[in-house]
Structures are given as structure tokens and as C-alpha cells.
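1. This is the structure alone, sequence omitted:
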């Protein structure tokens, strides 16, 4: 019996022992973004559908806005996105829609030989593209880089965010965000 125990002990390193993996994939993130899908700034929550894999499909939802001197803007971006790569570096693509509501004091100025004149549009604003009527929506796309530490922690991203609505397409809008992955 003693010989069997000594042989088993000697052969143990040859067998692949599977310890339980205690590391947790940081599949959720909360972050602050300037520009991007929220148009001005937003606080966002992002998560992966597959909690065990970072390079997978996920979703982002956020909210942001402002109120200054009887005019304001509120936006809620929704986006489906996919990460490619291995931690901590990921390439991100995505598409979604940003719902918005606003109260505007929008004036359009025109000048000619007689002087400059303004025209007031109460239901119009312009953030990159003209937006007619409130509430409204704008389509968004996302192409960028996201850094997420392997064990979670401070995370950041930069992205190109092409925008489109019934008034046109703007391919060169961008955004940047910083937050915490957990």
C-alpha cells in the first residue's frame, strides 16, 4: 500500500489538475462619455450578454443632458455592440438609436446688405445634424477602441460615432469615455 501511495504521489505532477477558476470576467461597466452616441455627454451602463466572455455581444444604455436659460436637451442612447480581442485591449463596433427630447431657443441668423436678422425656431435644434421636433431619434454607429483591465478596474474608450437622421449623415462625430469595469 505504501508503494502505491508513493507512486501516485510521484505521478501527480503529470496529471493536469483543474482548479476552480476564481477570477471573474468584468462583463459590466459604468462610465461617463463625452460626445459619442449621447451627443453631448452621458452616464452609461454597458454589459456583455455572455457573462463569461469579454469578446462577445453586449448592450449599452445611458442618459444625459443639460438645462440652461429656459432651453435644454435630454438624450437616452441604446446600442448593441461587439468587442473583439483579448484583455485589456478590445476593438469595438456597434449600432443603435439615441432618443432625445429638447426645449430649444434656436435662432438662425441671415445677413444681407440691409443687416443681419434672426429667425426663431422653437421646435428645432442642431447637434451635429439639424433635429426637427421633440421628441425625436437619431441613428448611431460605433467604431473604436476600448481598454478594459483583465480583472476589472478603471476602463476607458475612444470611438468614431457616425450619426444619421432624416436630415442627413455625419460620419466624423467622435466620443471618449472613462469609467469602471466590474
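-> Received it, and whenever you're ready, just let me know what you need. Model, not experiment: these values are computed from the prediction. Numbers count the residues shown, from 1 in each chain.

2. Check what pLDDT the closest residue in space to residue 81 that isn't next to it in sequence gets.
-> Leaving aside its chain neighbours, residue 81 sits nearest to residue 94 (3.1 Å; criterion: Cβ to Cβ, 6 or more residues apart in numbering). Glycine gets a C-beta too; all of them are placed from N, C-alpha and C. Here the pLDDT value assigned to residue 94 is 98.

3. Just the element for residue 94, please.
-> strand 89-103 (DSSP states H and E).

4. pLDDT value on the closest residue to residue 95 other than its chain neighbours, please?
-> Distances taken as Cβ to Cβ, 6+ apart place residue 141 nearest to residue 95, at 5.1 Å, with adjacent residues excluded. Residue 141 is assigned 97 on the pLDDT scale.

5. Repeat that for residue 131.
-> With respect to pLDDT, residue 131 scores 87.

6. quick one: it is in a strand?
-> Yes - under DSSP: H, G, I helix; E, B strand; the rest coil, residue 131 falls within a strand.

7. what residues are up against it?
-> 100, 102, 124-125, 138, 165, 167 (Cβ atoms under 8 Å, 6 or more residues apart in numbering).

8. Need the residues you listed in CSV (columns: pLDDT and secondary structure).
-> Listed next are these as CSV, based on pLDDT from 0 to 100; DSSP: H, G, I helix; E, B strand; the rest coil:
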residue, pLDDT, secondary structure
100, 93, strand
102, 87, strand
124, 74, strand
125, 79, strand
138, 95, strand
165, 95, strand
167, 92, coil
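
9. Can you name the element that comes right after the strand holding residue 94?
-> Following strand 89-103 in sequence order, the next helix or strand is strand 106-112 (DSSP H and E).

10. Give me the residues contacting the following helix or strand past that following strand.
-> Where DSSP H and E defines the elements, the next helix or strand beyond strand 106-112 is strand 115-121. With contact meaning Cβ under 8 Å, 6+ apart, strand 115-121 is reached by 104-111.

11. Tell me the strands beside strand 115-121, with direction?
-> Note on strand 115-121: by DSSP bridges, its sheet partners are strand 106-112 (antiparallel).

12. Provide the contact partners of the strand it pairs with at residue level.
-> Taking Cβ under 8 Å, 6+ apart as the rule, strand 106-112 contacts 116-122, 124-126.
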